[in-house]
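**Student:** model this:
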Amino acid sequence: MGKVEDLKAEIKMLRGLLDQSQRAGRPAPQRPAPAEVAAQLDLPDVVRYPLADFAEGRGRTVSLPESVEEIAEVIGRGLAVRLVEGTRARGKRRWRRQLYVPAEIPEEHRIVSMIGLDAARRLSFSHGNCILELPACHALRKAYLADHAFRQWDAGANITEIARELGIEPKTAKGLLDDAGYWRKRLG
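**Tutor:** You can find the predicted model right below:
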């Protein structure tokens with residue numbers, strides 16, 4: 001038995017040396033510091049939620065991504081979009097928004113400040129200890145921008161003023177106005 005154990009220990013040591021030699025010259029994989037990981041889960045201070053208000057009002061017929069729709073079934077459409085608006089995009093893929101939902105949400109938690117205690121508890125019950133991937137809701141954003149652009153157009157603004165107001169290029173504002181007919185039919 002002693003020889004078998006010695007051979008197993010030697011094989012383990014040789015495998016470790018082989019692994020070290022294969023990794024020689026390569027930089028060690030970089031792991032983020034714990035404070036950096038914790039910062040990714042922080043939420044920004046959001047005061048207004050225009051997209052959420054639009055999603056409950058004129059944009060209530062615009063479809064939401066499947067993962068946001070799943071959350072909306074639990075806490076409501078407007079509050080689900082509030083989570084999307086209030087969650088910071090982080091990392092290399094800027095379109096991704098991640099939100100950690102703890103199993104027990106205290107009253108002073110940032111999620112509670114965004115959606116309220118009752119909705120936060122329902123979210124915690126259904127998605128507790130999960131990291132939610134929240135998409136950017138591009139269709140809803142486009143509908144919101146188009147709605148805002150053609151309302152300004154109807155009020156007498158020109159394309160340059162609309163672009164400045166929305167923070168977009170004049171070419172994009174023109175495209176939104178071209179799509180206005182499509183959105184006028186679909187918005188309530």
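
**Student:** show me where the chain has strands.
**Tutor:** Ranges of strands in the chain, per DSSP state E, are 97-101, 130-134.

**Student:** quick check: angle from the first one to strand 130-134?
**Tutor:** The one in question is strand 97-101. With axes from the mean of the first three to the mean of the last three CA atoms, to 10 degrees applied, the angle from strand 97-101 to strand 130-134 works out at 150 degrees.

**Student:** could you tell me the average pLDDT over strand 97-101, please?
**Tutor:** Mean pLDDT, strand 97-101: 86.

**Student:** can you list the buried residues in it?
**Tutor:** By neighbour count with 16 or more other CB atoms under 10 Å, strand 97-101 contains the buried residues 97, 99, 101. Quick note: C-beta positions are derived from backbone N, CA and C, even for glycine.

**Student:** ok, Glu161 touching Gln152?
**Tutor:** Yes: the pair Glu161 / Gln152 is scored as a contact, 7.1 Å apart, by CB atoms under 8 Å.

**Student:** of the two, who's got more company?
**Tutor:** Gln152 (18 against 15; other CB atoms under 10 Å).

**Student:** Ile115: which of the strands of the chain is closest?
**Tutor:** Set against Ile115 and scored by CB to CB, the strands of the chain come closest in strand 97-101, at 11.0 Å.
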